[in-house]
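Peer 1: mind folding the following:
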Amino acid sequence: MTGAPHIERTAGAPSFSNNKLSVLRKHPYFADLEPEAFDQLCRYAKHTTLKRGTTIFSKGDPGTSLIAVISGTVKISISSPDGRNAILNLIEAGEIFGEIALLDGLSRTADATANTNCELFVIDRREFIPFVRSQPTLAMKFIELLCARLRWTSDQVEQVILQDLPGRLASALLRLSDKHKPQGRTISITQQEISEMVGMTRESINKQLRAWATRGWVRLEHGAIVVLKPELLQELVDAGADDGE
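Peer 2: Residues are numbered from 1 along each chain as shown. Coordinates of the predicted model:
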């Protein structure tokens, strides 16, 4: 991420295809907006395309925008002074991010990087905050979103403290594959990325995944993991992963 350019936004009224705007319309937080209000929201959206590895924002940057992913994947991560990295989340097409600093006006809490080539909508805080104030239902949706983020964070902390390494890996695979249930359970992720997500070495990840592949629980593909037996991984999580090896 070092030295990567920050996001550039294009000015002017949007002239996007309905397919791209459907990313906003289908999002549960914007789906119930009246047509006039949704049109106004779309006028605020600035379109941008980013190459893989581009820094979108860094921890400590001002929270000046809300971002929606049209296509591609965005990595939310933190790093330590000694160079260790931890992936907090992977944001995929149809999801939004950046809402914490957007709403409280404070600095960004993590780094956001284009994990693949990406298309994004960026909505500036100066336009979005007055818009939210004019839409009480939308304000309630964002309260729900923040509550969901808090619950998710609590679950993450619980997994790190209480689960052993196989249990954390199983939890991560289930969480990531749940996003893909309509299209199957293929997760586009490298073993290095998932090691940074669950706090395990890549070698430990590889050993555990191969053991599960032998059992027929997962299938390993180039740059991807296919979850074949989610119910067995869930049993492992529920049991505390005592027999993960």
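
Peer 1: which residues of the protein score low on pLDDT?
Peer 2: In the predicted model, the chain carries pLDDT under 70 at residues 1-18, 160-161, 180-184, 240-245.

Peer 1: next SSE downstream of the lengthiest helix in it?
Peer 2: The longest helix of the chain (DSSP state H) is helix 136-162. The first helix or strand that comes after helix 136-162 along the chain, using DSSP states H and E, is helix 165-178.

Peer 1: before we move on, the earlier item: for the longest helix of the chain, packing partners?
Peer 2: Packing partners of helix 136-162 (3 or more CB pairs under 8 Å, 6 or more residues apart in numbering; DSSP states H and E): helix 99-104, helix 125-133, helix 165-178. From N, CA and C alone the C-beta is placed, and that goes for glycine too.

Peer 1: domain parsing for the protein?
Peer 2: 21-159, 163-243 (the TED database).

Peer 1: hmm, back to that, and the angle from the longest helix of the chain to helix 165-178?
Peer 2: Angle between the axes of helix 136-162 and helix 165-178 is 160 degrees (criterion: axes from the mean of the first three to the mean of the last three CA atoms, to 10 degrees).

Peer 1: just the buried positions in helix 136-162, please.
Peer 2: For helix 136-162, the neighbour count (16 or more other CB atoms under 10 Å) marks 138, 141-142, 145, 156, 159 as buried.

Peer 1: show me where this structure has its strands.
Peer 2: 45-50, 55-57, 65-71, 73-79, 85-92, 96-97, 111-114, 118-124, 186-188, 218-221, 224-227 (DSSP state E).

Peer 1: pull the CA atoms of the fourth one into CSV?
Peer 2: Written as CSV, here are the backbone C-alpha positions of strand 73-79 (Å, rounded to 0.1, in the frame of the first residue of the first chain):
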residue,chain,number,x,y,z
THR,A,73,-13.1,-6.4,-3.9
VAL,A,74,-11.8,-3.9,-1.3
LYS,A,75,-9.5,-5.0,1.5
ILE,A,76,-10.0,-3.4,4.9
SER,A,77,-6.8,-3.9,7.0
ILE,A,78,-4.4,-2.6,9.7
SER,A,79,-0.7,-2.9,10.0
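
Peer 1: so how far is it from its chain's centroid?
Peer 2: 8 Å (CA atoms, centre = their mean, to the nearest Å).

Peer 1: which strands border that strand, and is each parallel or antiparallel?
Peer 2: According to DSSP bridges, strand 73-79 forms sheet pairs with strand 85-92 (antiparallel), strand 111-114 (antiparallel).

Peer 1: outside of it, which residues touch it?
Peer 2: The contact list for strand 73-79, computed with CB atoms under 8 Å, 6 or more residues apart in numbering, reads 1, 56, 59, 67, 85-93, 97, 110-116, 118, 120, 188, 193, 196.

Peer 1: got the angle between it and strand 65-71?
Peer 2: Angle, strand 73-79 to strand 65-71, by the same axes, to 10 degrees: 130 degrees.
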